[in-house]
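In: model the following, please.
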Amino acid sequence: MFRFSFILSIFFLLPQALRAQPKPSPSQQAWHDMEYYFFFHFGPNTFTGLEWGHGTEKADLFNPLELDCRQWCRIAKAAGAKGVIITAKHHDGFCLWPSKYSTHTVRESQWRNGKGDVLKELSQACKEYGLKFGVYISPWDRNHPDYGTEKYNDVFVNMMKEIFTLYGPVWELWWDGANGEGPNGKMQVYDWPRFRETVKKLSPQTVIFSDVGPHLRWVGNEAGFAGRTNWNTLDTAGFTPGKGAPSQDTLRTGNKYGKAWIPAECDVSIRPGWFYHKEEDDKVRSPENLFDLWLKSVGRGANLLLNIPPDGRGKIHPKDSAALIDFRIIRDKNFVVNLAKQAKIRWVSDGYSRITKKLVDGNAASGLTISRNGQQYPEFIFSKPVKINCVVLRENLLSGQYCSGFRVVLKKEGREVRTISGTTIGRKRILTFPVTEADAVLIYVDESKGPVTIGETGFYLINEQLIEK
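Out: Residues are numbered from 1 along each chain as shown. As a prediction, the model looks like this:
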């Protein structure tokens, strides 16, 4: 009896993180691997110049005479994006598919004599170009007469059923938490549990985005960056999407001991606005700026959702596409040569060492597990000094996220020449710094919630002009 009580007391004394550490589902793990994809804001706002439509715009305003979803996907593929998400219904209530549950759709427009279907064309183009297809659908509807009543929850559920049935598979579903008045002056009480259960039954592999998940979270800003500390875990009890969401600071960093695996997605537009505006043609982000956003999103363990708004023709503007292709060139050019592969890797554990290739073998599932902080570490040894100004670290997330403090130490002739410190690693951590010549690099984990498995590692010499001063 004493032995049982002793074991039980030890169990309850264990840190909660070690007893019930959240970890990603297979769908979430696949999402982590996407890293970067496109948002397409498209609808009546494209033609009115508004960002939030009023819901009273005539359907005939929507008339993209040269709509070419294949062009969208061709550019996405060439730019290195792995998927797309389309605003199937924004706050104005206009549906880019001929929904049976609304009278404010492409069917009521003059476009293609009411026979057009943007979701159909885009989902088909995604299949052709090997891209994942995602859908944004705002629960707010400033046009639908049932908005503000219980009937509207039925409408919203039926719209989602149409999307999944007619245009699936849907990889990611994006819920905006906006909630304002409808045409009758009333606000809607969204039935979030019913919405979540509907998607789960229709498409269990789909990951759902909102301020509180259930699978992905907003990063707390629309500037495209995650926190330098970025936990994939979050506490959601008592919170709801929209006004009832956690603070923006919490969304940016997550919760260290959060009970649910809800990683951050960074949404940002390539232009000042989310929808296309001709006056912004000279305000498209530069390739260098896009690279900086990538470092601060993907490079901090989040995913980057980059908005590319099609214009009134129904095409991506040449200035946007040019910036995107050059952004791809920058990434490819600067990450061609992984200097870590030139090193001999020594795994040191409690004073003993052995040679390993695990951190550069190209196998994302392999790695080295550090269970005793400061006493276990990998050391990369070069036959001659190399110049480095970028380190890429990965944490194997299959069993959860554990690292809360690390150091990368660069040495030359046995002397420490630079140390870069950080908190979380997560899916990927990219660290940039002034060019440093070193003949050895050591990676230490100083703080953690449990054993940390370091995965594929990279050292690079990238263009110094790309590094934030």
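In: use CA for all of it now, contacts and neighbours both
Out: OK.
In: so which residues of this structure form helices?
Out: Counting by DSSP state H, one finds helices in the chain at the ranges 2-13, 16-19, 26-34, 45-48, 69-78, 118-129, 150-167, 192-202, 248-253, 287-297, 318-334.
In: of the ones you listed, which is nearest Leu216?
Out: helix 26-34 (8.2 Å; Cα to Cα).
In: can you pull the buried residues of that closest one?
Out: Residues Gln28, Trp31, His32, Met34 are the ones in helix 26-34 that count as buried (16 or more other Cα atoms under 10 Å).
In: and which of those residues is nearest Lys344?
Out: Distance to Lys344 across the buried residues of helix 26-34 (Cα to Cα) is lowest for His32, with 29.3 Å.
In: sorry, back to before: by mean pLDDT, show me the worst of the helices of the chain.
Out: Mean pLDDT values for the helices of the chain show the minimum at helix 2-13, a mean of 41.
In: which residues touch Asp267?
Out: Trp218, Val219, Asn221, Glu222, Ala223, Gly224, Leu304, Leu305, Leu306, Asn307 (Cα atoms under 8 Å, 6 or more residues apart in numbering).
In: please name the bridge partners of the last one.
Out: Going back to what we said before, that points to Asn307. Counting by DSSP bridges, Asn307 is bridged to Phe39, Ser269.
In: same question, the first one
Out: Beta bridges link Trp218 to Glu265 when assigned by DSSP bridges.
In: per-residue confidence for it?
Out: 97.
In: Asn389 versus that one, what's the distance?
Out: 30 Å (Cα to Cα, to the nearest Å).
In: more neighbours: which of those two?
Out: For Trp218 versus Asn389, the count of surrounding residues by other Cα atoms under 10 Å is larger for Trp218: 24 against 18.
In: wait, that one sits on Leu251?
Out: Yes. Using Cα atoms under 8 Å, Trp218 is in contact with Leu251, at 6.6 Å.
In: what sits in contact with each of the two?
Out: With Cα under 8 Å, 6+ apart as the test, Trp218 and Leu251 both reach Asp211, Ala264.
In: among the contacts of Asp267, name the buried ones.
Out: Among the contacts of Asp267, the ones that count as buried by 16+ other Cα under 10 Å are Trp218, Val219, Asn221, Gly224, Leu304, Leu305, Leu306, Asn307.
In: how about the residue lying closest to Arg285 once chain neighbours are set aside, phi and psi?
Out: Spatially, and ignoring its direct neighbours in sequence, Arg285 is nearest to Ile270 (5.4 Å; Cα to Cα, 6 or more residues apart in numbering). In terms of degrees, to the nearest 10, the main-chain angles of Ile270 are phi -70, psi -10.
In: state the number of residues packed around Ile270.
Out: Ile270 has 21 nearby residues by other Cα under 10 Å.
In: now do Lys319
Out: 14.
In: that older thread, going by distance to Arg346, which of the contacts of Asp267 wins?
Out: Nearest member of the contacts of Asp267 to Arg346, counting by Cα to Cα, is Leu304, at 34.0 Å.
In: now do the same contact list for the closest one.
Out: By Cα under 8 Å, 6+ apart, the neighbours of Leu304 are Glu35, Tyr36, Tyr37, Gly224, Glu265, Cys266, Asp267, Val268, Trp294, Ser297, Val298.
In: now Ser109: closest residue in space that isn't a chain neighbour?
Out: Nearest residue to Ser109, sequence neighbours excluded (Cα to Cα, 6+ apart): Asp60, at 4.3 Å.
In: how close does the one you found sit to Ala438?
Out: 64 Å.
In: more crowded one of these two?
Out: A direct count of neighbours by other Cα under 10 Å for Asp60 and Ala438 places Ala438 higher, at 23 against 16.
In: from what I can see the more buried one touches Pro385, true?
Out: Yes. Look at Ala438 against Pro385 with Cα under 8 Å: they come within range, at 5.0 Å.
In: can you pull the residues that touch both of the two?
Out: With Cα under 8 Å, 6+ apart, Ala438 and Pro385 have common neighbours Lys412.
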